[in-house]
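[1] Can you look at this prediction? I've put the sequence above it.
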Amino acid sequence: MIGKKILLLIAVLLMAAVCIAGCSVNVGAPSPTTMPTTVQTVPPATTVVPTTVPATTTIVTTAATTAPTEVQVLHDTGTLTTKTYKTYDFKTLMGFKFLYPKDKFKITIKSEQPVLGYALSTERAGQLTGLIPRYQPYIKGGIDWGLIEPVMVMEKATDTTQEFTLEDTGPYTYVVDGRWMGYESDYDNIGPFKYEITIVKTGGPTKQDFDFTGYQ
């Protein structure tokens with residue numbers, strides 16, 4: 001009986017020893033944790049190709065500005081009285097056989113006494129001895145021209161400049177006339193006086209078309 005108890009005790013002790021031994025077995029050091037390897041991806045180098053902007057040539061066209069050409073065609077000084085006048089033929093003295101519509105002139109008269117300056121047809125200018133312009137109070141515009149048909153009129157000019165544009169075509173003569181004073185008592189004692197005239201052509205038609213029949 002006692003022997004069985006001893007055998008049972010030994011068996012229990014053996015089992016206990018086996019359990020203890022099992023728990024004490026070194027199962028080995030744990031495997032080191034493998035860290036994932038991070039691979040840094042470097043993007044391929046980008047070659048920047050410069051953008052070529054085509055050169056643009058700007059052509060600036062400057063319109064030529066043509067200034068009006070002014071040509072002095074006459075300059076003269078002289079002496080007049082209240083009974084005389086002086087004529088200036090555009091053809092003979094200034095080289096214009098005819099004047100045309102849109103021909104432009106600037107006329108300056110300086111005179112010690114007031115004179116009339118005007119242009120009229122060359123034919124009428126030859127009749128001026130008996131054609132005397134004068135101021136009349138009953139005439140609209142003041143001057144009684146009689147048979148004279150003047151253009152480019154300057155009245156009582158002493159230091160006067162005016163510009164004129166022709167409206168008709170024809171041969172013309174310019175006149176500086178002091179005779180109107182012969183009909184005014186205020187000028188009875190006026191002796192000879194000096195005057196100066198300047199005529200400048202400031203413009204005119206670029207093409208002159210005209211039927212010269214009857215003017216040759």
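    Structure's in. What do you need?
[2] From here on, just use CA atoms for contacts and neighbour counts.
    OK.
[3] Next, the buried residues of the helix or strand hosting residue 163.
    Residue 163 belongs to strand 151-165 when elements are defined using DSSP states H and E. Of the residues in strand 151-165, 151, 152, 153, 154, 156, 157, 158, 164, 165 count as buried by neighbour count, 16 or more other Cα atoms under 10 Å.
[4] Before we move on, what's the pLDDT of the nearest residue to the third one once chain neighbours are set aside?
    Meaning residue 153. Closest residue in space to residue 153, ignoring its immediate chain neighbours: residue 118 at 4.3 Å, by Cα to Cα, 6 or more residues apart in numbering. Confidence per residue is given as pLDDT, and for residue 118 that number is 98.
[5] show me the contacts for residue 118.
    With contacts taken as Cα atoms under 8 Å, 6 or more residues apart in numbering, residue 118 has the following neighbours: 150, 151, 152, 153, 154, 174, 175, 176.
[6] quick one: it from residue 84, how far?
    For residue 118, the distance to residue 84 equals 15 Å [Cα to Cα, to the nearest Å].
[7] Could you do residue 183 as well?
    The spacing between residue 183 and residue 84, counted by Cα to Cα, is 13 Å.
[8] Check residue 170 too.
    In this structure, residue 170 lies at 25 Å from residue 84, with Cα to Cα as the measure.
[9] host element of the closest residue to residue 159 other than its chain neighbours?
    For residue 159, ignoring the flanking residues on the chain, the nearest one in space by Cα to Cα, 6+ apart is residue 110 at 4.3 Å. Secondary structure here is read from DSSP H and E; on that basis residue 110 sits in strand 104-121.
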